[in-house]
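1. got a predicted structure here, sequence first:
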Amino acid sequence: MKSTFPDLVHHAIEGIANVKGENIKVLDLRQLDNAVTDFFVIAEAQSTTQVSAMSDSAMKEIRENLNDRPWHREGHDTASWILLDYVQVVVHLFQRESREFYDLEGLWSDAAITSMPS
């Protein structure tokens with residue numbers, strides 16, 4: 001069965017998984033009225049170094065396969081939460097504590113949430 005996720009989601013996940021990103025989830029926001037994007041990709045790591053590595057790896061994977069770069073990115077200075085905004089897909093990369101604190105899955109709990117193998 002073919003996934004309904006766009007290629008950008010798949011390449012983001014592949015880049016994250018390449019550096020051992022954990023607890024990867026995809027939130028499909030397309031059916032929500034006030035959604036800011038179509039998809040969130042959310043993952044976590046145990047250190048700021050690994051959060052940065054997930055970001056670098058996801059951007060590289062997307063750039064090499066889709067020739068796309070984020071429209072906006074933030075959080076690289078502290079690497080507690082890095083956001084990569086590709087407009088229709090927003091990638092959120094967290095340290096575990098920050099992910100629990102901001103609880104995006106809880107805030108967007110009406111979205112279809114898919115857990116991905118990492």
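-> Ah, there it is. Numbers count the residues shown, from 1 in each chain.
2. listing request: residues of this protein with sub-threshold pLDDT.
-> Applying pLDDT under 70 to the chain flags the ranges 1-3, 118.
3. can you give me the strands for it?
-> Per DSSP state E, the chain carries strands over the ranges 22-28, 39-45, 72-74, 81-85, 89-95, 112-115.
4. and the lengthiest helix in the chain, what does it pack against?
-> Assignment by DSSP state H gives helix 48-66 as the longest helix of the chain. When contacts are defined as 3 or more Cβ pairs under 8 Å, 6 or more residues apart in numbering; DSSP states H and E, helix 48-66 packs onto helix 7-18, strand 39-45, strand 81-85, strand 89-95. (Each C-beta comes from the backbone N, C-alpha and C, glycine too.)
5. next, the angle from the last one to strand 39-45.
-> Okay, so that is strand 89-95. 20 degrees (axes from the mean of the first three to the mean of the last three Cα atoms, to 10 degrees).
6. same check on the third one?
-> On the basis of the same axes, to 10 degrees, strand 81-85 is oriented at 150 degrees to strand 39-45.
7. so for L107, which of the helices and strands packed on helix 48-66 sits nearest?
-> strand 39-45 (10.1 Å; Cβ to Cβ).
8. what helices and strands are in contact with the closest one?
-> helix 7-18, strand 22-28, helix 48-66, strand 89-95, helix 96-102, helix 104-107.
9. which of those sits most buried?
-> Per residue and on average, the most neighbours among the helices and strands packed on strand 39-45 fall to strand 89-95, with a mean of 24 (mean count of other Cβ atoms under 10 Å).
10. how far away from the center of its chain is that one?
-> Remark: strand 89-95 is offset 4 Å from the chain centroid, using Cα atoms, centre = their mean, to the nearest Å.
11. sheet partners, orientation included, of it?
-> If you go by DSSP bridges, strand 89-95 pairs up with strand 39-45 (parallel), strand 81-85 (antiparallel).
12. show residues contacting it.
-> By Cβ atoms under 8 Å, 6 or more residues apart in numbering, the residues outside strand 89-95 that reach it are 6, 8-9, 12, 16, 21, 36-48, 51, 54-55, 58, 75, 79-85, 99, 102, 104.
13. at 6 Å instead, please
-> Residues outside strand 89-95 that contact it (Cβ atoms under 6 Å, 6 or more residues apart in numbering) are 8-9, 12, 37, 39-44, 51, 54-55, 58, 80-84.
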